[in-house]
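Undergrad: Take this sequence and fold it.
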Amino acid sequence: MFKLFGRYALTFLLVWAAIAPAQAMDPTPEKTVTHPAATGIQDAQLADLLEAHWEGMMRRWTLWATELGDHRYDDRLPDNGPEAWSETRAGTAEWLKRVQAIDPSQLSDQDRITWAVLHHEFSSAHKKAICLSEQWQVAPMHNAFSALNRLGELSQVVTVQQGHALTSRYLAVPQFIDGAIESHRLGMASQRVPNAENVRRTIAIIDSELARPEEQWGLLGPATQPHPDWTEAEQQAFTSAIQDAVRHHIRPAFQRYRDFLKNELMPVSRGPDKAGIHWMPESKACYAAAIHEHTTLDIPADEIHATGLSELEKIHGEFMALGEKLWGTRDLPTIFHRLRTDEALFFDSPQAVQDKAAAALKRAQEASPAWFGILPKAPCVVVRVPDFEAPYTTIAYYRPAHPDGSKPGEYFINTSAPTTRPRHEAEVLAYHESVPGHHLQIAIAQELGELPLIRRHIRPNAYIEGWALYTERLSDEMGLYSSDLDRMGMLSFDAWRASRLVVDTGLHAKGWTRQQAIDFMVENTPLAKNNIDNEVDRYISWPGQALSYKLGQLEILRLRAEAQEQMGSRFSMPGFHDAVLELGAVPLPVLRQHIEDWMKTAPVK
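TA: Numbers count the residues shown, from 1 in each chain. Next up is the predicted model:
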């Protein structure tokens, strides 16, 4: 799973049949392009649209702009109030009209792909507007506090002007918090409220930070950093301004948000028996839109549910075969019980968790040149999940490198409660989050300088997470797993992603309770109980996102099998991987069309 500071990546919906077959077309008059948002674009109308849209995104999502190295808005936070969200939805409808006014059949091949990406960003967001997510999403990964508590590490303060900008951004925190509260109150008025367990966990995260001395807050980090080029007066003024903003503006805002969650939102939140959005207004349309958003496909929930059950049956067979080899048993409950309870299979210290992750990353980096023609330039490092977040979040996640080189790709590993962290899952986790998974793919996309910015930085989940899950089994082909026990971890993770198809659709389309979802995962995967609890609460708060992994993996595997069969001796594994990666992240139907074209034209290697 990957995370952004200011905004979760947009995803897209695409029906390829709406686009003309891929063949050379005469473009509209060529435009001299100066804006990087339109790099490589031949069609003038499409270039204008790309430029205007990118500028609008940077103004709207200012934290994401900072992350991408656009520092024009470093003094601002996004407007989080109801009026701004309404304007965003109205703007999405207008963007959709503009892109639909362009005839894709008249575009060049690359312009047509970019048109498809834009079209499905807008159409997906337009469909998803019915969910009004900002009114009810509160969870450890979706809340106003967590979005802001790491502002100090996001901003690079080198000049006095940058110091002023960060101070202004800090002073905007109360308005951001109050906007979130106002949006949630609108949700409460229309019975759009979060799940109570996710609210409880979010309150616990905020309480943990509020209980710490302010001197330990990451938000004060920039105030303690030396700036050799500043005068003593400038340094003192900056330090004083940051300290004042944290103590007299940010802390009270965080406390106000916490009190709202506890005293107003928690009492009316959905209980465990009404966990999913099945129990909220417009649930069917909202969940259908979420499926479109995260999978880039049009698949009914019942079909996804059945696919998950079928995939689990296959993976369970692999568990039995490997269990017999390792321990002389094919009994699935016995295998799962041992994987969960054998103390020898778990870590004994936070440092051991981190060391295992770093060793796996190093091994993958050394093996990658034989399997990929394109490799990223940006480095990747292993970082511990912060203490305030660790007990309530997932086992790991990835944050992309900053394109300006100011920060490497970061593989965050959860080292809390190490005796609950299975050793046999550590390698597959590292390969998913770093190399050859998220870091390799996302860093390559960011470095495709010949493509417009949206193709380098917008990330449809089905492609991103499908690729990362695909690489878990690819890592076995690459010889990266240290033992059969580590391969058990690979199977554990694949069962985890297959069970998501069942659990996510169960919660949001069939009305499952939280306990039903937990029980299903306990019965069908060997995941640790604390991981299952956190994961189920994540699925509850983020409908449809969990579907993207397995559905994306299955499509990439299908494309690879078709290419091997059709190409015969012309098939090259590095060539196939480069063909998958060279477009940036795209909707799955766009990827399929590209691979089908590549099969016909790829040279013998």
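Undergrad: use CA for all of it now, contacts and neighbours both
TA: Noted.
Undergrad: Please enumerate the strands of this protein.
TA: Secondary structure of the chain (DSSP state E): strands located at 380-384, 396-399, 409-413.
Undergrad: Using CSV, please lay out the ones you listed together with distance to residue 184, mean neighbour count and mean pLDDT.
TA: Output for the strands of the chain, formatted as CSV (distance: least, Cα to Cα, whole Å; neighbours: other Cα atoms under 10 Å; pLDDT from 0 to 100):
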stretch, distance to residue 184, mean neighbour count, mean pLDDT
strand 380-384, 32, 20, 96
strand 396-399, 27, 22, 92
strand 409-413, 30, 25, 96
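Undergrad: want to try TSV for these, with distance to residue 231 as columns?
TA: Putting the strands of the chain into TSV (distance: least, Cα to Cα, whole Å) gives the following:
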stretch	distance to residue 231
strand 380-384	33
strand 396-399	34
strand 409-413	33
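Undergrad: which residues are in contact with stretch 595-605?
TA: Contacts to stretch 595-605, defined as Cα atoms under 8 Å, 6 or more residues apart in numbering, come from residues 559, 563, 566, 567, 569, 570, 571, 572, 579, 580.
Undergrad: How far off centre is it?
TA: Stretch 595-605 sits 30 Å away from the centroid of its parent chain (Cα atoms, centre = their mean, to the nearest Å).
Undergrad: Equivalent analysis for stretch 291-301, please.
TA: Distance, centroid of stretch 291-301 to centroid of chain: 16 Å (Cα atoms, centre = their mean).
Undergrad: Span of that stretch from start to end?
TA: Distance across stretch 291-301, first residue to last, is 8 Å (Cα to Cα, to the nearest Å).
Undergrad: still on that earlier bit, show the buried residues in the contacts of stretch 595-605.
TA: 559, 563, 567, 570, 571, 572, 579, 580 (16 or more other Cα atoms under 10 Å).
Undergrad: one step back: just tell me which of the strands of the chain ends up closest to residue 95.
TA: Among the strands of the chain, the nearest to residue 95 by Cα to Cα is strand 396-399 (28.3 Å).
Undergrad: Export only the CA atoms of the closest one, formatted as PDB.
TA: The C-alpha trace of strand 396-399 is given here as PDB (Å, rounded to 0.1, in the frame of the first residue of the first chain):
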ATOM      1  CA  ALA A 396       3.700  -1.300   6.300                       C
ATOM      2  CA  TYR A 397       3.200   1.300   3.600                       C
ATOM      3  CA  TYR A 398       5.300   3.100   0.900                       C
ATOM      4  CA  ARG A 399       5.700   6.900   0.400                       C
END
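Undergrad: Which elements pack onto that strand?
TA: Under the contact criterion of 3 or more Cα pairs under 8 Å, 6 or more residues apart in numbering; DSSP states H and E, strand 396-399 touches strand 409-413, helix 426-433.
Undergrad: Of the buried ones among the contacts of stretch 595-605, which belong to helices?
TA: 559, 563, 567, 579, 580 (DSSP state H).
Undergrad: Closest one of these to residue 416?
TA: Nearest to residue 416 among those, with distances taken as Cα to Cα, is residue 580, at 35.7 Å.
Undergrad: Hmm, that closest one is touching residue 592, no?
TA: No - the criterion here is Cα atoms under 8 Å, and residue 580 misses it with residue 592 at 9.1 Å.
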